[in-house]
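Next comes the sequence, and after it the predicted model I'd like to discuss.
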Amino acid sequence: MGDRVIITYLELPPDAPLREPSRPAPEGFAVRKVDDPAINRDMYRRVGGDYQWVDRLTWGEGRWAEYAARVETYVVELHGRVAGYYEIGLDGPESAKIALFGLLQEFQGRGLGGHALAAALTRGRELRPRVWLTTCTLDGPAALPNYRARGMRPFRTATVPAPV
């Protein structure tokens, strides 16, 4: 893991086209909006367990409910099974932030990530002209290439100490 983590901030600015994946979505792929803080909590733990997502592990039900009320949450499904999720929040009058995005380990490498990200970016653009997110060197190796392939552009990087 090393002793430093590089955070990359990426955006899909209003003037940049969203690039759809070149392959069609896998049969059985779907995205569904949900409104249940328990799903946010569960997916944060399940997806984030592989990527050092630790900041919210101590949150109680009330804190999760407050947070979930501020974001739109979508589950990514394959043949009716939850494969991942994403959260989108408003980040001012001109931008929306994809707060969290990820697939469960057993669904990675099946061609879902590009389609899930395209759905997230499309919804973000419906909310605001600019959509952005962050990724880091602790995330999966396909994350940054997927963001770039959809047309997102880095606009800032930061280096921070690795979690202990």
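Yep, it's here.

going forward, measure contacts between C-alpha atoms and count neighbours the same way
Fine.

and the longest helix along the chain, what does it pack onto?
Ranked by residue count under DSSP state H, the longest helix found in the chain is helix 113-127. Helix 113-127 sits against strand 81-90, strand 95-103, strand 130-136, helix 143-149, with contacts defined as 3 or more C-alpha pairs under 8 Å, 6 or more residues apart in numbering; DSSP states H and E.

Give me the residues contacting it.
With C-alpha atoms under 8 Å, 6 or more residues apart in numbering as the test, helix 113-127 has contacts from 12, 18-21, 25, 31, 76, 86, 88, 90, 95-98, 101-103, 130-131, 146-147, 150.

Of those residues, which qualify as buried by neighbour count?
12, 18, 21, 25, 31, 76, 86, 88, 90, 95-98, 101-103, 130-131, 146-147, 150 (16 or more other C-alpha atoms under 10 Å).

ok so, going back, how far out from the middle of the chain is the longest helix of the chain?
If you compare the mean C-alpha spot of helix 113-127 with that of the full chain, they lie 9 Å apart, counting by C-alpha atoms, centre = their mean, to the nearest Å.

mind checking the end-to-end distance for stretch 128-143?
23 Å (C-alpha to C-alpha, to the nearest Å).

Name the residues that touch that stretch?
If you take C-alpha under 8 Å, 6+ apart as the criterion, stretch 128-143 is touched by 1, 5-14, 51-52, 90, 93-99, 121, 124-125, 144.

does the closest residue to Thr157 other than its chain neighbours have beta-bridge partners, and which?
Computed as C-alpha to C-alpha, 6 or more residues apart in numbering, the closest residue to Thr157 that is not its neighbour in sequence is Thr8, at 4.5 Å. Going by DSSP bridges, Thr8 is paired in beta bridges with Thr135, Thr157.

Thr8 touches Met152, doesn't it?
No: using C-alpha atoms under 8 Å, Thr8 is not in contact with Met152; the gap is 11.2 Å.

So which of the two has more stuff around it?
Neighbours were counted for Thr8 and for Met152 using other C-alpha atoms under 10 Å; Met152 has more, 24 against 18.

tell me the contacts of that one?
Residues near Met152 by C-alpha under 8 Å, 6+ apart: 10-13, 16, 18.
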